[in-house]
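*Asks:* I need the structure of the sequence given here:
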Amino acid sequence: MSQSRLRRAVVALTALPLLALGAGQAVAAAPAPASAPVPAVRAAASPVTAIEDGIARTLATSLADPALRERLRSATASAPASASAELAALAAGFPGLAAATAQGDRAIAAAKGLGGDLGPLLRVQLADPSMRAALDAGAAPLVATAGTDEHARTVRAYDTAGRAHALNAATLPTRPVYLVDIDTAKASAAGVDLLQRELAARGAAPATPAPAAAQAAGWWGTKITSVEVNDDEEPWFKGAAEMFSLVSGFGQDGKVRVDSVAMPYLQYDGTVYYPNQILVNWSNYKYNLADVVLMEDDGDTNYLALAQAIAAVLLTIADQGAYIPLVNAVLAALPSNWWTDDPDYVESWYTLARTSTGRLNGARGNGWMTVEPYWVSQL
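*Replies:* Residues are numbered from 1 along each chain as shown. This next block holds a predicted model:
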């Protein structure tokens, strides 16, 4: 989520068309003065944001019950503000909220292309630790959503009567605010797995085995030793990001392949991480070069639609006996709303080689990583 703090750069795409995914395009509502009434439903929200907004209002009105308010206060009292409580567990014993939460969990999973068996996704957390004192003193909280548009001037929040309030997005509220969000770590892990399966099913990530001799000895990989995404600014209503990479090149069969790599540790801008993570398994690729696109699940990512769009573009590219950069083709496959308010595309690296070593700056200038060759030997 937090990566859309990075100012949007203008990216030169190839002539390949942008493919609309039909998952809904988020449009920021016109900012309203703090004293002005706010509509109860966002006019052009994306599917996930609209679901979260409805759940936020339901939770807010449910907090008129002192028992639920105390349960939520206790659940968030001892945890850091970045920690969150599963809303389904909190709603147990409160039929109206429990039913709405269960329906919301299923609807969000469907909107992200993840199916209905993923389990609870909705969660809730206190926006900032400084708000605990007011809660302990009995202040009535507001409930908002950790929306996808970091450029919004106002944040919609609801009180226990269901009335909407416009909070200044740039200033931490004095009144305690709970944030409704989804478990993006859980959704991202399931999404990356789905993405890989769907790409493979469409022929863009076949399980092509390396030659027998190479399998017996091991294989070369590229390992990330450190990585950072640049800092810009972070609104109070945002939390940690959930990132993954798309590694693209030509497979052993000469067809374009894309491997999705989960990067759950890469959560905040301006922080250097030392994952020692294998990014590329070179035994899967025909050439000594590959490209990397760093993506973020901003809550609204539809992994099934993403796989369909990427496969539709990349499978039109034929092996011409030489390495062809594929970053622009991947970017061209992204839905148009990922270039407006949503931060789903973060950074990209062209022509990563098996012998690449040291610091590699991203093409957008929004991040860097240090890499080194790594031999994975078979036991």
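
*Asks:* Show the average pLDDT along the helix or strand in which residue 105 is found.
*Replies:* Assigned by DSSP states H and E, residue 105 belongs to helix 95-111. The average of the pLDDT scores along helix 95-111 is 93.

*Asks:* can you pull out the helices in this structure?
*Replies:* For the chain, the helices defined by DSSP state H cover 47-62, 66-77, 87-91, 95-111, 132-136, 184-201, 212-217, 303-314, 327-332.

*Asks:* Just tell me which of those helices ends up closest to residue 159.
*Replies:* helix 47-62 (6.1 Å; C-beta to C-beta). Where you see a C-beta, it was placed from the backbone N, CA and C, and this is true even at glycine.

*Asks:* Figure out how far that closest one is from the centre of its chain.
*Replies:* Averaging C-alpha positions (C-alpha atoms, centre = their mean, to the nearest Å) puts helix 47-62 19 Å from its chain's average.

*Asks:* Report the angle between that helix and helix 184-201.
*Replies:* 150 degrees (axes from the mean of the first three to the mean of the last three C-alpha atoms, to 10 degrees).

*Asks:* Run through the residues that contact the residue minimising distance to the centre of the chain.
*Replies:* Nearest to the geometric centre of the chain sits residue 297, at 1.3 Å (C-alpha atoms, centre = their mean). Counting by C-beta atoms under 8 Å, 6 or more residues apart in numbering, residue 297 touches 184, 187, 188, 191, 241, 242, 243, 244, 344.

*Asks:* rewinding a little: name the helices or strands packed onto the helix holding residue 105?
*Replies:* helix 47-62, helix 87-91, strand 122-126 (3 or more C-beta pairs under 8 Å, 6 or more residues apart in numbering; DSSP states H and E).

*Asks:* That helix vs helix 47-62, what angle?
*Replies:* If you take the same axes, to 10 degrees, helix 95-111 sits at 170 degrees to helix 47-62.

*Asks:* hmm, who's touching helix 95-111?
*Replies:* Residues contacting helix 95-111 (C-beta under 8 Å, 6+ apart): 23-24, 47-48, 51-52, 54-55, 58-59, 62, 68, 87-88, 91-92, 115-116, 118-122, 182, 187, 300, 302.

*Asks:* could you check the angle helix 66-77 makes with it?
*Replies:* Here the directions of helix 95-111 and helix 66-77 differ by 50 degrees (the same axes, to 10 degrees).

*Asks:* and helix 95-111, which residues are buried?
*Replies:* For helix 95-111, a neighbour-count test (16 or more other C-beta atoms under 10 Å) marks 97, 98, 100, 101, 104, 105, 106, 107, 108, 109, 110, 111 as buried.

*Asks:* For residue 157, give its distance to residue 192.
*Replies:* 32 Å (C-beta to C-beta, to the nearest Å).

*Asks:* higher neighbour count, the two?
*Replies:* Neighbours were counted for residue 157 and for residue 192 using other C-beta atoms under 10 Å; residue 157 has more, 26 against 23.

*Asks:* Identify the residues contacting the more buried one.
*Replies:* So residue 157 contacts 56, 60, 142, 143, 144, 164, 165, 166, 167, 173, 177 (C-beta under 8 Å, 6+ apart).

*Asks:* give me every residue that touches residue 69.
*Replies:* Residues counted as contacts of residue 69 (C-beta under 8 Å, 6+ apart) are 63, 141.

*Asks:* for stretch 134-147, the distance to its chain's centre please.
*Replies:* So, by C-alpha atoms, centre = their mean, the centroid of stretch 134-147 is 25 Å from its chain's centroid.

*Asks:* mean confidence score for it?
*Replies:* Here the average pLDDT along stretch 134-147 is 88.

*Asks:* Give me the pLDDT value at the residue nearest to the centre of the chain.
*Replies:* If you check residue 297, the pLDDT there is 76.
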